[in-house]
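*Asks:* with the sequence up front, the predicted model follows.
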4 protein chains.
Amino acid sequence: MGIVLGHHQYGKAENRVVRIYRDTPRHEIHDLNVSTALRGDFAGAHIDGDQAQVLPTDTQKNTVFAFAKAHGVDQIEDFGLALGRHFVDDVEPVTGSRIEIEEYSWDRIPVDDVGHDHSFVRRGHDVRTTAVTVDGEGSDQQTWVVSGLRDLVVLKSTGSEFAGFLRDEFTTLAETHDRVMSTSLAVRWRYSSSEVDWRTAYDTIRATLLEKYATVHSLALQQSLYEMGEAVLERRAEVAEIRLSAPNIHHFVVDLAPFGMQNDGEVLYAADRPYGLIQVAVQRDDAPAPGRAWDTVPGFC
Amino acid sequence: MGIVLGHHQYGKAENRVVRIYRDTPRHEIHDLNVSTALRGDFAGAHIDGDQAQVLPTDTQKNTVFAFAKAHGVDQIEDFGLALGRHFVDDVEPVTGSRIEIEEYSWDRIPVDDVGHDHSFVRRGHDVRTTAVTVDGEGSDQQTWVVSGLRDLVVLKSTGSEFAGFLRDEFTTLAETHDRVMSTSLAVRWRYSSSEVDWRTAYDTIRATLLEKYATVHSLALQQSLYEMGEAVLERRAEVAEIRLSAPNIHHFVVDLAPFGMQNDGEVLYAADRPYGLIQVAVQRDDAPAPGRAWDTVPGFC
Amino acid sequence: MGIVLGHHQYGKAENRVVRIYRDTPRHEIHDLNVSTALRGDFAGAHIDGDQAQVLPTDTQKNTVFAFAKAHGVDQIEDFGLALGRHFVDDVEPVTGSRIEIEEYSWDRIPVDDVGHDHSFVRRGHDVRTTAVTVDGEGSDQQTWVVSGLRDLVVLKSTGSEFAGFLRDEFTTLAETHDRVMSTSLAVRWRYSSSEVDWRTAYDTIRATLLEKYATVHSLALQQSLYEMGEAVLERRAEVAEIRLSAPNIHHFVVDLAPFGMQNDGEVLYAADRPYGLIQVAVQRDDAPAPGRAWDTVPGFC
Amino acid sequence: MGIVLGHHQYGKAENRVVRIYRDTPRHEIHDLNVSTALRGDFAGAHIDGDQAQVLPTDTQKNTVFAFAKAHGVDQIEDFGLALGRHFVDDVEPVTGSRIEIEEYSWDRIPVDDVGHDHSFVRRGHDVRTTAVTVDGEGSDQQTWVVSGLRDLVVLKSTGSEFAGFLRDEFTTLAETHDRVMSTSLAVRWRYSSSEVDWRTAYDTIRATLLEKYATVHSLALQQSLYEMGEAVLERRAEVAEIRLSAPNIHHFVVDLAPFGMQNDGEVLYAADRPYGLIQVAVQRDDAPAPGRAWDTVPGFC
């Protein structure tokens, strides 16, 4: 019996990169949070304290900022691929990399109904994400792109039921055929290619998720999520699978009878904890194997 | 010398009330966080443990939900006034009240370019607020309404300078005539009346703050804030004073020279802490006295 | 009618200063979060964008770090006083200052039951605070020190009642003579002097608050808080007044009757929101006037 | 090509259970956050909206509270095993379960140097965790217990180096032979058995992690982490593997030279972001296969 080093990776997390294009008076802004992680044989650092194979996390940070200038930032997937390939291809001991990026969106501030050239206001609640994995070198190199969004908060004030469920000795819940259903969506989807029109894909997927959430008459959050995932796969051929993680943010109808009032689902209490948590994957039956695409992507089953 | 009871108040904080209007197929949603506080002579509770004058915080919670039904929720200022007056007028030992409300905004989910009847998505980053104070009874009753917003995050990618500042032996900062300026606005304004078109006032003030932020060529965040406040007072006669609290979210230009690159303000690092913090009030010189309007409103000077 | 500049202040918030004494092998660590704010006539900056009177917030940051070396850090009140006086006395346009400091505590890591010389582990949940205000120059200078703590979370599993309270038409709460009572204490006390044995005072006050919370048979959180404040004033002559802000963190007894079980206060659900919020000041009847001591100290009534 | 349902699970997250033993005047308290997730064939719910196989998350919540009474709470691993087995064994459609628990620690409040019978204060910064997985039924049933801790914040003021590292064209970092090293430890370890003296194991592992962190002269955080993991495996035979995730919380030496001061590592700036992030597993070379032990445990490589 011996004690051995297992999986390991290291990097610089949460580099807050803002890239501004200002060559013309009408500026563009890209606001990112970039985390890098490198994989390889770093046993020397762990066991002997020998850093000869270790590219400092400070260097990784510098690289992120330098690439924001030299490579530029447009779609986060492209930026992640460029960074991820650089570390594997150009830094000798590195055999794999994982680049995780969040993007925060900005709108132009309207002035006389026209978006301003260089003044912006943070848009929306939700955040766009990607996790790019590069594994191996040369012709054996494999690449996976898992993109997504988080904190997309939605609510239906009707069109949702929950009834006919299994009961045991601990069941007290009443059935309902009309309830509020609300969640804060975290979604990730795996592309089957690294050559994608990322922006169009993202915009279509986000719109599809919202539209399906709105229009499906829901018999359970499970059903809504499955139909949302299915619709994404139907519309975007480059998506191999999609995973959804959705807290059921409970909105309880407040009992107003003690005050002589009827409450037909008009006054609700939005609870913090506990919350239901539904997690599901929807995939093509001929999807390529996920490989290491989902390693260390938190929060999905 | 003796030890005496000083100021005191008590209430129920953060009642998460969701009010849905569903009388027609096109639902409306109001999503609030309501905190109540009651003032009066509660010495018995503090000194003798006698609760005879104490309306439980649980009752205050019930009242908030019952009022959401009976009074209804449209503008948060009206809802706060109704609650605040009820506690003072109808609960004998209560001589003053403070109702603080936050409102979270929702958009209808677009389906085929039309907003859905009963499916919503959380809009935006910023939150609308009000703090209503009622003091005294009968004809002596005074009422103050301080409304505002928070977490309105803005950024200018040019049109901002900082130069000509005071220097001492600890000053190392370089002057700049072109920098990124960004902040997360918290703003509160005091109305001189309780009879206001609250929605129009709010919408105008928010738009004015954004527009002025965008269009003022800024010599310092101080100047931007003052001009934003001034413009609000110029446009809305019912606003007696406005207070702004603005963290200067520093965006540092990254030094790329070691990598042979020039960085003309294109690649920036967004820092978390420390941050500048500028706080300022702008007011009419004939504004009515603030009275207790600002008591316990946190975060302003 | 005109529009005028009102109160204003500016500074650098949340400087994360760690000061290590390492002259001997047994190191000492002081871990602070320091915020500075300067007051004076900064109308030029606000109205004309003229920075000639404005000491940059970057300089304030530098000053905090330089003082950590030159003046040293032992008690946060002394460090705050040194900084606050420096800005007022040495920077010409500054007529007032507010220095707010939080301190995070560390224990030595035990190795063979002895605390290690230079390895530490973060202690506890609660944070020590101070807010030092300096106002005016020369012999007219006034100084106030308001110290405190926050996030001191406590719970009593019995010895707490709530009964005999006022009832109205919205009251549904049952009386109880045995309940769990829990809170997360935020406390601030104003010293009547700037010459205090700060460490002893702090340690005594924290211990007194805990001890009184533990030993008072509570008829309401109001009563516990008052007795805690009173005990502090009785034991520490240098404290002029004390203010407590205490969320009532509700622990509801879960109804297990549907499962054929009795629940004698053994199984509870700890709720997040809403929570009761009790705020109270206890003071000496001959305390010196508070002046500007409490300006901008958030969260107390 | 078809679209199919992939992995899925559902449950009730973050049930805040407080269990008090109060049969004698000296009460005991256990303060937990319990999340349940059930696995099985729930295709009906997803695809047809048929809930006949779905035990509501509300029932799962009830079960957690009922078990807190009937089974009792002592060690979180035992409580997790009881819950996890119940769902799989007693609820027909359930073929697997995952129970995640966090425990918050309390100390007795000292009164006259003696811990009080029923008054408690929250201890410490760190949280004890477990994730119990039950898979399959009858004699095929497999069980995994992965326990751990998070938010254990430590700092060494010397005894840490970082030098001899790999350099590329983006490397600007200076070598150092004496630096501050600080991290907030998240650690999880997999037990090779479900019959363990959980409390002793936990206490020993936590003490070992701290002691090794303190005493290892560190040539890199990687090395410290490996030695900490190795020591745990050496001391606790029931631990098959251990995974550590450690942000390198950078403490930068502030340049005081512009102010004529020398800074020998005495004044530091504690940075928020970005941070290094080192993740490593240490394991026995004859450890049993992990199976599903680590599925959905976030934050480890």
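*Replies:* Arrived safely, thanks for sending. Residues are numbered from 1 along each chain as shown, chains lettered A, B, ... in the order given.

*Asks:* and stretch A:25-37, what's buried?
*Replies:* Within stretch A:25-37, the residues that count as buried by 16 or more other CB atoms under 10 Å in any protein chain shown are A:27-37. Backbone N, C-alpha and C define where each C-beta goes, glycine included.

*Asks:* okay, that stretch in CSV with CA atoms only?
*Replies:* These are the backbone C-alpha positions of stretch A:25-37, laid out as CSV (Å, rounded to 0.1, in the frame of the first residue of the first chain):
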residue,chain,number,x,y,z
PRO,A,25,-16.0,57.1,-31.4
ARG,A,26,-18.6,54.3,-30.9
HIS,A,27,-16.9,52.1,-28.3
GLU,A,28,-17.6,48.4,-27.7
ILE,A,29,-17.2,46.8,-24.3
HIS,A,30,-16.6,43.2,-23.3
ASP,A,31,-16.7,42.5,-19.5
LEU,A,32,-15.4,39.1,-18.5
ASN,A,33,-14.4,37.0,-15.5
VAL,A,34,-11.8,34.5,-16.7
SER,A,35,-10.4,31.5,-14.8
THR,A,36,-7.6,29.4,-16.1
ALA,A,37,-6.5,25.9,-14.9
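
*Asks:* contacts only, for whatever residue of chain A ends up closest to chain C.
*Replies:* Chain C sits closest to residue A:272 of chain A, with a gap of 4.2 Å, by CB to the nearest CB. Contacts for residue A:272 (CB atoms under 8 Å, 6 or more residues apart in numbering or on different chains) come out as B:16, C:272-273.

*Asks:* can you name every helix or strand that the longest strand seen in chain A contacts?
*Replies:* Assignment by DSSP state E gives strand A:142-156 as the longest strand of chain A. Helices and strands touching strand A:142-156, by 3 or more CB pairs under 8 Å, 6 or more residues apart in numbering or on different chains; DSSP states H and E, are helix A:76-90, strand A:127-135, strand A:181-191, helix A:198-215, strand B:114-122.

*Asks:* returning to what we had before: just curious, which of the buried residues of stretch A:25-37 is nearest to chain B?
*Replies:* Checking the buried residues of stretch A:25-37 against chain B with CB to the nearest CB, the nearest one is residue A:27 at 4.5 Å.

*Asks:* mind checking how far that closest one is from residue D:65?
*Replies:* Distance from residue A:27 to residue D:65, counting by CB to CB, to the nearest Å: 55 Å.

*Asks:* re the thing from before, turn the helices and strands packed on strand A:142-156 into CSV, columns for distance to residue D:156, mean neighbour count and mean pLDDT.
*Replies:* Compiled in CSV, the helices and strands packed on strand A:142-156 are given as follows (distance: least, CB to CB, whole Å; neighbours: other CB atoms under 10 Å in any protein chain shown; pLDDT from 0 to 100):
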stretch, distance to residue D:156, mean neighbour count, mean pLDDT
helix A:76-90, 29, 21, 98
strand A:127-135, 32, 23, 98
strand A:181-191, 36, 23, 98
helix A:198-215, 43, 19, 98
strand B:114-122, 43, 19, 98
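
*Asks:* any low-confidence regions in the stretch 1-150 of chain A?
*Replies:* A:1 (pLDDT under 70).

*Asks:* wouldn't residue A:26 be in contact with residue A:116 here?
*Replies:* No: judged on CB atoms under 8 Å, residue A:26 makes no contact with residue A:116 at a distance of 9.2 Å.

*Asks:* and for the two, which residues touch both?
*Replies:* With contacts defined as CB under 8 Å, 6+ apart, no residue is shared by residue A:26 and residue A:116.

*Asks:* re earlier: distance to residue C:110 added to the helices and strands packed on strand A:142-156, as JSON lines?
*Replies:* As requested, these are exported to JSON lines (distance: least, CB to CB, whole Å):
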{"stretch": "helix A:76-90", "distance to residue C:110": "41"}
{"stretch": "strand A:127-135", "distance to residue C:110": "40"}
{"stretch": "strand A:181-191", "distance to residue C:110": "41"}
{"stretch": "helix A:198-215", "distance to residue C:110": "52"}
{"stretch": "strand B:114-122", "distance to residue C:110": "48"}
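
*Asks:* ok, which of those comes nearest chain D?
*Replies:* helix A:76-90 (7.3 Å).

*Asks:* helix or strand for residue A:286, which one?
*Replies:* Using DSSP states H and E, residue A:286 maps to neither a helix nor a strand.

*Asks:* list the buried residues of the longest strand of chain A.
*Replies:* Here strand A:142-156 shows A:143-150, A:152-156 as buried, counting by 16+ other CB under 10 Å.

*Asks:* strands paired with that strand, and their directions?
*Replies:* strand A:127-135 (antiparallel), strand A:181-191 (antiparallel), strand B:114-122 (antiparallel) (DSSP bridges).

*Asks:* residue C:82 is nearest to which of the ones you listed?
*Replies:* Taking CB to CB, strand A:127-135 is the member of these nearest to residue C:82, at 42.6 Å.

*Asks:* would you map the strands across the stretch 201-301 of chain A?
*Replies:* Counting by DSSP state E, counting those that start in this stretch, one finds strands in the stretch 201-301 of chain A at the ranges A:239-248, A:251-253, A:267-270, A:275-284.

*Asks:* give me whichever of those is most buried.
*Replies:* Across the strands of the stretch 201-301 of chain A, the average number of neighbours (mean count of other CB atoms under 10 Å in any protein chain shown) peaks for strand A:239-248, which reaches a mean of 25.

*Asks:* could the strands of the stretch 201-301 of chain A be laid out in TSV, adding mean pLDDT?
*Replies:* Putting the strands of the stretch 201-301 of chain A into TSV (pLDDT from 0 to 100) gives the following:
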stretch	mean pLDDT
strand A:239-248	98
strand A:251-253	98
strand A:267-270	98
strand A:275-284	97
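
*Asks:* nearest to residue B:291, out of the ones you listed?
*Replies:* Across those, closest to residue B:291 is strand A:267-270 (CB to CB), at 32.5 Å.

*Asks:* the closest one near chain C at all?
*Replies:* No: residues of strand A:267-270 contacting chain C under CB under 8 Å from any CB of the partner chain: none, with a closest distance of 9.0 Å.

*Asks:* direction included, what does that strand pair against?
*Replies:* strand A:251-253 (antiparallel), strand B:15-21 (antiparallel).

*Asks:* lovely, talk soon.
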